[in-house]
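# task: produce atomic coordinates for the following.
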Amino acid sequence: MSELFMLSKAQMRRIEPYFPLSHGVPRVDDRRVLSGIVFVIRNGLRWRDAPAGYGPHKTIYNRFIRWSRLGVFNKILASLAADSSADDVLMIDATHLKAHRTAASLLKKGLFPRRIGRTKGGLNSKLHAVCDGTGRPLILCLSEGQMSDHIGAKLTYPVLPRHAKCMIGDKGYDSDEYRAALQAKGITPCIPPRKGRILPADFDKNLYRQRHKIENMFGRLKDWRRIHTRYDRCAHTFLSAIAIAATVIFWLS
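Residues are numbered from 1 along each chain as shown. Okay, here's the model as predicted:
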């Protein structure tokens, strides 16, 4: 048991306030079960292959699915991210996450959305993210792989932090509509213009160099094998796995 990954007691104290209340029979040890969930997602295991030290694999899997449907892991990430002190400068970007054949297999019609689409690279999902000035994720949104960055930006726009003053993005976010929307919130866009623009907009080149931080964030998320390759059929379970990885890497370290 000592060789297995375990969330520390200090980490548990930070996330315990967001756990759902236990009704009836007391829950199995939260720390052990959640550590097992983290271990499986980070190492890309099947749930049945979780080490016995974390308890029955069905308990680990059932906890992950039940809390995913309740939105518990997304709430934990959102609550911890709300305490960011570097949200005056934001960064936005998106990345593709390849869908394994088990994730792409058909669900019963109308059961749960999948957010899987087809691109030149095959079946995949697209993760849209907004980070703070240090490269920690504040907002995560999952879509079909073929969705454009511009449309994904519209999904994240309503929940941008109130204190944001600047948004750094690549050319995929260069549109008059998005620039105007940011400015309406008092946010200055730092977005290079596309080639061929009749009236190219100015941007702060020195500030734009900070954009590598969000690329680094995606790289660290993809180090977790069940994030790099999507095995979950339902969009809410996959997004929960991403939220768990983002929480442990960036907000509990």
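# hey, which helix or strand in this structure has the poorest pLDDT?
When each helix and strand of the chain is scored by mean pLDDT, DSSP states H and E, helix 101-104 comes last, with a mean of 84.
# list the buried residues for that helix?
Using 16 or more other CB atoms under 10 Å as the test for burial, helix 101-104 gives 103, 104. For glycine as for every other residue, the C-beta is placed from the backbone atoms N, C-alpha and C.
# can you give me the helices in the stretch 1-150 of the chain?
For the stretch 1-150 of the chain, applying DSSP state H, counting those that start in this stretch gives helices covering 9-15, 30-43, 57-70, 72-81, 101-104, 149-156.
# and the fourth one, what does it pack onto?
When you say that, I think you mean helix 72-81. Helix 72-81 sits against helix 9-15, strand 137-144, helix 235-246, with contacts defined as 3 or more CB pairs under 8 Å, 6 or more residues apart in numbering; DSSP states H and E.
# so for residue 69, which of the ones you listed sits nearest?
With distances scored as CB to CB, the stretch of these nearest to residue 69 is helix 235-246 (6.5 Å).
# what's the angle between the closest one and helix 30-43?
Helix 235-246 runs at 100 degrees relative to helix 30-43, counting by axes from the mean of the first three to the mean of the last three CA atoms, to 10 degrees.
# which outside residues touch helix 235-246?
In this structure, residues lying in contact with helix 235-246 by CB atoms under 8 Å, 6 or more residues apart in numbering are 37-38, 41-42, 64-65, 67-69, 71-74, 76-77, 103, 112-115, 125, 127, 137, 140, 142, 221, 224, 226-227, 230, 232.
# re the thing from before, want to throw the helices and strands packed on helix 72-81 into CSV with mean neighbour count, distance to residue 82 and mean pLDDT?
Converted to CSV, those look like this (neighbours: other CB atoms under 10 Å; distance: least, CB to CB, whole Å; pLDDT from 0 to 100):
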stretch, mean neighbour count, distance to residue 82, mean pLDDT
helix 9-15, 14, 13, 96
strand 137-144, 21, 8, 96
helix 235-246, 23, 14, 97
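# nearest to residue 252, out of those?
Of these, nearest to residue 252 by CB to CB is helix 9-15, at 4.6 Å.
# check which helices and strands the closest one sits against.
Contact here means 3+ CB pairs under 8 Å, 6+ apart; on that basis helix 9-15 packs against helix 30-43, helix 72-81.
# so which of the ones you listed is nearest residue 158?
helix 72-81 (13.5 Å).
# give me the contacts around the closest one.
For helix 72-81, using CB under 8 Å, 6+ apart, the contacting residues are 14-15, 18-20, 67, 132, 136-140, 239-240, 243-244, 246-247, 251-252.
# now that helix, how far from the centre of its chain.
Centre-to-centre, helix 72-81 and its host chain are 10 Å apart (CA atoms, centre = their mean, to the nearest Å).
# tell me the angle that helix makes with helix 235-246.
With the same axes, to 10 degrees applied, the angle from helix 72-81 to helix 235-246 works out at 40 degrees.
# buried stuff in helix 72-81?
So, applying 16+ other CB under 10 Å, buried residues of helix 72-81: 72, 73, 74, 75, 76, 77, 78, 80, 81.
# tilt between it and strand 137-144?
Using the same axes, to 10 degrees: helix 72-81 against strand 137-144 is 140 degrees.
# related to what we said a few turns ago, what's next to the least confident helix or strand of the chain, contact-wise?
114, 116, 123, 230, 231, 232, 233, 238.
# extract the C-alpha set from that helix and format it as CSV.
Taking Å, rounded to 0.1, in the frame of the first residue of the first chain, the C-alpha atoms of helix 101-104 are listed here in CSV:
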residue,chain,number,x,y,z
ARG,A,101,-12.6,2.7,-30.7
THR,A,102,-14.3,1.8,-27.4
ALA,A,103,-15.2,5.5,-26.9
ALA,A,104,-16.4,5.8,-30.5
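# pull the distance from that helix to the chain's centre.
On CA atoms, centre = their mean, the centre of helix 101-104 falls 20 Å from the chain's centre.
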